[in-house]
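A.B. asks: Fold the stuff below for me.
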Amino acid sequence: MASFHHSDAWDRLLEQKPELPFFLLGGNGVTGNTEPQELAKDRPWPSCGDFEAFHCLRPTSNLDLYIFTQHLTIGGNLGEADPRIKAAVLVPGLTHGEGCGFINIFTWNEGECTIEPFPDGTTDTPPSSSFEPGSSEGPSVQRTVIFLEQHTIVGQNVFILGGSEDMTACTGGSSDAESDPCSMAITTRSLGLSQHYSGYNDWRVNDNFLDWHGAEDKQGLHLGQPPYGSPSVWTSNVNTSPGYQSLNTFGEAYWMLDFDLDCSLTNGGWFVIKGWLSGEAGEFSGLEEDVTQQVCSGSAGGPPPFPSSGHMAKCGHINIFHYDRGDCTINKFP
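C.D. replies: As a prediction, the model looks like this:
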């Protein structure tokens, strides 16, 4: 039995012969997007709604289109009226139809299946507003967002460098992110699959740390160009913009990094970041200048906890900063 997990909390369990590995290929049969997608370990998983039917393929054989009719057994208290289940299982075709957001159990080349809800406490949810990062209450790993306002031109990108301590205190004895005790393991989150997010999605492959060392070993390239840190993406609060993000309630040109962070790795729930501007920016290219952080506004704002030459962010919260400036806002998640 093999299990796959996605940050939107959906699993597939497939009974198959254990002596050979297998890949999942599929598309959104509901919308007609049936172009096969191979899901490798270094490729971000699609979000719910993008991947609701799949074939299994052994690498030593061709894709055998075995015609079957899927027979559904609803688990738990979902009921057959659940639209996410019906959307998946009622799509005609040669694939297993699955319910996004549930545990889906199939047998190779057979139509029998079971769809179960996740046990309480196993799905990913936004952090509780009552949880104080760095405390002993609540889960340690928290969704964290960085917004860094910087107006740019086409070809410029903003990357995020950072760690549990100020840059000057961290990089002296370490040559890479993995060995630096100030580096913090992260898991970046998908923000979209359109062309607007192509650089962000390419560069976040194998981006395993928020660190002060720039590109990591085997971190993804975009159009042959290496990253300079953890990627962010230009966002807007205008809902017709290709860069629209609902958490951006401020304006245009707020570069966004969305990731999961273990708050126990931070300095009492806080960490330090700086921007890196790439592209044709003249004297402004490279690492952001030193800033003196002011008292942050917002629902989780306050004074900086320790001296630093960078922006000080709070784990488990939405952190809004401005390039080369010390004013800031820190909010709890909605």
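A.B. asks: Any buried residues in stretch 260-268, and which?
C.D. replies: By 16 or more other CB atoms under 10 Å, the buried positions in stretch 260-268 come out as 260, 261, 263, 265, 266, 267. Placement of C-beta: from N, CA and C, glycine included.
A.B. asks: Same question for stretch 188-200.
C.D. replies: Buried residues in stretch 188-200, counted by 16+ other CB under 10 Å: 188, 189, 190, 191, 192, 196, 197, 199, 200.
A.B. asks: Apart from its chain neighbours, what residue comes closest to the first one?
C.D. replies: The shortest distance from residue 188 to any non-neighbouring residue, by CB to CB, 6 or more residues apart in numbering, is to residue 204 (4.2 Å).
A.B. asks: and what of the second one?
C.D. replies: Setting aside the residues directly before and after it, residue 189 is nearest to residue 258 in space (CB to CB, 6+ apart), at 4.2 Å.
A.B. asks: neighbours of that neighbour, just the number please.
C.D. replies: Using other CB atoms under 10 Å, residue 258 is surrounded by 21 other residues.
A.B. asks: Regarding it, what is its secondary structure?
C.D. replies: strand (DSSP: H, G, I helix; E, B strand; the rest coil).
A.B. asks: From what I see, it and residue 143 are in contact.
C.D. replies: Yes: counting by CB atoms under 8 Å, residue 258 does reach residue 143; the two are 7.3 Å apart.
A.B. asks: Can you check which residues contact both of the two?
C.D. replies: Common contacts of residue 258 and residue 143 (CB atoms under 8 Å, 6 or more residues apart in numbering): residue 189.
A.B. asks: wait, is residue 202 part of a helix?
C.D. replies: Yes: assigned with three-state DSSP, residue 202 falls within a helix.
A.B. asks: wait, what's in contact with it?
C.D. replies: Shown in contact with residue 202 (CB under 8 Å, 6+ apart): 220, 221, 222, 223.
A.B. asks: Once you drop chain neighbours, what's closest to the second one?
C.D. replies: Leaving aside its sequence neighbours, residue 221 sits nearest to residue 202 (CB to CB, 6+ apart; 6.5 Å).
A.B. asks: Model confidence for that neighbour, exactly?
C.D. replies: Model confidence at residue 202, given as pLDDT, is 98.
A.B. asks: Tell me how far it lies from residue 238.
C.D. replies: Using CB to CB, to the nearest Å, residue 202 is found at 25 Å from residue 238.
A.B. asks: Does residue 147 touch residue 318 like I think?
C.D. replies: Yes: between residue 147 and residue 318 a contact is recorded at 7.1 Å, counting by CB under 8 Å.
A.B. asks: who touches both of these two?
C.D. replies: Both residue 147 and residue 318 are in contact with residue 247, where contact means CB under 8 Å, 6+ apart.
A.B. asks: if I've got this straight, residue 197 is in a strand?
C.D. replies: No: read with three-state DSSP, residue 197 is helix and lies in no strand.
A.B. asks: give the contact list for it.
C.D. replies: Counting by CB under 8 Å, 6+ apart, residue 197 touches 190, 191, 233.
A.B. asks: mind running it again at 6 Å?
C.D. replies: By CB atoms under 6 Å, 6 or more residues apart in numbering, residue 197 lies in contact with 191, 233.
A.B. asks: Just the pLDDT for it.
C.D. replies: Here, the pLDDT recorded for residue 197 equals 98.
A.B. asks: what mean pLDDT does stretch 239-250 have?
C.D. replies: The pLDDT scores in stretch 239-250 average 97.
A.B. asks: Likewise for stretch 255-263?
C.D. replies: 97.
A.B. asks: Residues touching that stretch, excluding its own?
C.D. replies: 133-134, 140-148, 150, 158, 160, 186-189, 191, 230, 232-235, 245, 269, 315-316.
A.B. asks: Residue 161 contacts residue 230, correct?
C.D. replies: No: with contact defined as CB atoms under 6 Å, residue 161 does not reach residue 230; the gap is 7.5 Å.
A.B. asks: Give me the more crowded residue out of the two.
C.D. replies: It is residue 230, of residue 161 and residue 230, that has more neighbours when counted by other CB under 10 Å, with 28 against 22.
A.B. asks: related to what we said a few turns ago, of the contacts of stretch 255-263, which count as buried by neighbour count?
C.D. replies: Judged by 16+ other CB under 10 Å, buried ones among those: 133-134, 140-148, 150, 158, 160, 186, 188-189, 191, 230, 232-235, 245, 269, 315-316.
A.B. asks: which residues touch residue 311?
C.D. replies: Counting by CB under 6 Å, 6+ apart, residue 311 makes contact with 273, 321.
A.B. asks: Low-confidence stretches in the stretch 201-334 of the chain?
C.D. replies: Residue ranges of the stretch 201-334 of the chain with pLDDT under 70: 281-284.
A.B. asks: all helices for it, in order.
C.D. replies: Remark: helices of the stretch 201-334 of the chain are absent; assignment by DSSP state H, counting those that start in this stretch.
A.B. asks: okay but residue 204 is in contact with residue 189, surely?
C.D. replies: No: with contact defined as CB under 6 Å, residue 204 does not count as touching residue 189 (8.8 Å).
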